[in-house]
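Peer 1: pasting the structure only:
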């Protein structure tokens, strides 16, 4: 059988992701802050993109038939002589003060005149903020002020580099010694000295060692207190107080005094230094209630209003084909970006409008009225694809009358009720949190009792394990750990 080459025509359909389409899809899932960065970058790279200037005098009220500019400039022209006299009095007062100080005056007469003519401008608020010290820098500062030898400083650097966010040492003394090139005894001695720096107990291997170091530094010499930490820390954590009290022949009131003393210690000394700064959320959409209805307002603060630069548009008439091709390419990119931004804002508005329709009860009553909702419901309502809804709700936040929520918060699974209707899982979570918040601390509600309460009062068919799963997701401990004996 011989081989031969043939030409064949074939008609098929396939999706081609052009760079412009990829850019439009990318813009959908960007947060507002990320979108501002992308737009600013495009303004720098594309000469045909320009930012519309703000209409400074567009809404300035006119007065006596004059235009806005004249009305704004009028106070400067008609400043009475009384203001000049006040300035002269200030200058005279400053001059007298300068004469009194003589050559020790730190400001010249010219600077004083300038300060009297212009209002004082303070520094920006963020310019007055200092950087929060980290645990590493705080320890390094103390080590430099201590009498550590150069070899011991090398061990300190290894120890500091192996601390976690809680301040615990995540390496054994043998590992520290191997990395620093010293013996295990020398490494252990340096670790003990670091543990007694501020915060006390840092570089401990576990909570037990951390608390024992703090007990020693604080000067607590009670043997019962040390034994409670050394042998019964887990019992105290799980609330097994009566067996511990019987062992040490203590009453529950006496044991409570020891517990109060232990609670003054810090089991995680590095936690106050760990973690980043709080992340502040800027809502992408605002939903206001007005006259019984809800108004949706997109947050476009700081987002530049784009237009084509008319100066570079003349390049389209250039005779040089290379220059003309470059300008045409940049123009197509600029026009596509403006269309993509408009489409993004339009899609975001339609999605939020649809969410408000589906979750009207939430916007009026709160989280307990949240209904089950999936992406397909919104996609069918506004006639878009589910992937588009998923992208536009990513990293987007909406400010509602009940707080700021991520758009994905409004999509939750359903739980069946006795009457055949459904209730949202987020509503059930809010009810569980409300029940636990109002329980008796001495007799906390178990997961089974919470499930029975939801079945009896709200007719929600929910299993005990589902309650446990929702409780864990809310960061709430079990009933045995929530129980307060004292």
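Peer 2: Right, received. Where do you want to start? None of the values given here were measured: they were computed from a predicted structure. Residues are numbered from 1 along each chain as shown.
Peer 1: In the chain, what residue spans correspond to strands?
Peer 2: 49-51, 285-290, 293-298, 306-308, 397-400, 403-406, 414-416, 422-424 (DSSP state E).
Peer 1: Could you dump the ones you listed into TSV and include mean neighbour count and mean pLDDT?
Peer 2: Backbone N, C-alpha and C define where each C-beta goes, glycine included. As requested, those are exported to TSV (neighbours: other Cβ atoms under 10 Å; pLDDT from 0 to 100):
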stretch	mean neighbour count	mean pLDDT
strand 49-51	18	83
strand 285-290	15	92
strand 293-298	14	92
strand 306-308	17	83
strand 397-400	21	92
strand 403-406	14	90
strand 414-416	15	71
strand 422-424	21	71
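Peer 1: Please tabulate these in a markdown table and include distance to residue 184 as additional columns.
Peer 2: Below are the strands of the chain laid out as a markdown table (distance: least, Cβ to Cβ, whole Å):
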| stretch | distance to residue 184 |
| --- | --- |
| strand 49-51 | 64 |
| strand 285-290 | 60 |
| strand 293-298 | 63 |
| strand 306-308 | 65 |
| strand 397-400 | 52 |
| strand 403-406 | 50 |
| strand 414-416 | 57 |
| strand 422-424 | 58 |
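Peer 1: quick one: contacts for the nearest residue to residue 423 once chain neighbours are set aside?
Peer 2: Closest residue to residue 423 apart from its sequence neighbours, by Cβ to Cβ, 6 or more residues apart in numbering: residue 415 at 5.3 Å. Each residue near residue 415 by Cβ atoms under 8 Å, 6 or more residues apart in numbering is listed here: 372, 422, 423, 424, 425, 428, 460, 461, 462, 466.
Peer 1: Quick check, the first one in contact with residue 413.
Peer 2: Yes. Here residue 372 lies in contact with residue 413, judged by Cβ atoms under 8 Å, at a distance of 6.4 Å.
Peer 1: which residues do the two both contact?
Peer 2: With Cβ under 8 Å, 6+ apart as the test, residue 372 and residue 413 both reach 424, 425.
Peer 1: more neighbours, these two?
Peer 2: Set residue 372 next to residue 413 and count neighbours by other Cβ atoms under 10 Å: residue 372 wins out with 18 against 12.
Peer 1: which one is that one nearest to, not counting chain neighbours?
Peer 2: Residue 372 sits nearest to residue 414 (Cβ to Cβ, 6+ apart), 3.4 Å away.
Peer 1: okay, now residue 209: neighbour count?
Peer 2: Here the count is done by other Cβ under 10 Å, and residue 209 has 17 residues near it.
Peer 1: any low-confidence regions in this structure?
Peer 2: 1-2, 14-20, 54-131, 274-279, 313-320, 418-422, 486 (pLDDT under 70).
Peer 1: Which helix runs longest in it?
Peer 2: helix 321-358 (DSSP state H).
Peer 1: relative orientation of that helix and strand 285-290 in degrees?
Peer 2: Put simply, helix 321-358 runs at 40 degrees to strand 285-290, going by axes from the mean of the first three to the mean of the last three Cα atoms, to 10 degrees.
Peer 1: Check which helices and strands helix 321-358 sits against.
Peer 2: With contacts defined as 3 or more Cβ pairs under 8 Å, 6 or more residues apart in numbering; DSSP states H and E, helix 321-358 has these neighbours: helix 19-28, helix 32-45, strand 285-290, strand 293-298, strand 306-308, helix 310-313, helix 375-382, helix 386-392.
Peer 1: Show me what the third one is packed up against.
Peer 2: In terms of contact count using 3+ Cβ pairs under 8 Å, 6+ apart, strand 285-290 is assigned the packing partners strand 293-298, helix 321-358, helix 360-365, strand 397-400.
Peer 1: For residue 435, find the nearest of those.
Peer 2: For these, the distance to residue 435 is smallest for helix 360-365, at 17.7 Å, taking Cβ to Cβ.
Peer 1: Now do the buried residues in the closest one.
Peer 2: 362, 363 (16 or more other Cβ atoms under 10 Å).
Peer 1: returning to what we had before: my guess is the residue nearest to residue 372 meets residue 423, correct?
Peer 2: Yes. Assessed by Cβ under 8 Å, residue 414 is found in contact with residue 423 at 7.1 Å.
Peer 1: Overlap of the contact sets of these two?
Peer 2: The contact lists of residue 414 and residue 423 share residue 372, where a contact means Cβ under 8 Å, 6+ apart.
Peer 1: and residue 210, which of the helices and strands packed on strand 285-290 is closest to it?
Peer 2: strand 397-400 (38.2 Å).
Peer 1: Off-centre distance for the closest one?
Peer 2: What separates the centre of strand 397-400 from the centre of its chain is 14 Å, taken as Cα atoms, centre = their mean, to the nearest Å.
Peer 1: Looking at the helices and strands packed on helix 321-358, which one is packed in the most?
Peer 2: When you average the neighbours per residue for each of the helices and strands packed on helix 321-358 (mean count of other Cβ atoms under 10 Å), helix 386-392 leads with a mean of 18.
Peer 1: Run through who's touching it.
Peer 2: Under Cβ under 8 Å, 6+ apart, the answer for helix 386-392 is 25, 28, 29, 344, 347, 348, 351, 375, 376, 378, 379, 407.
Peer 1: how does it look with 7 Å?
Peer 2: If you take Cβ atoms under 7 Å, 6 or more residues apart in numbering as the criterion, helix 386-392 is touched by 25, 28, 29, 347, 348, 351, 375, 376, 378, 379.
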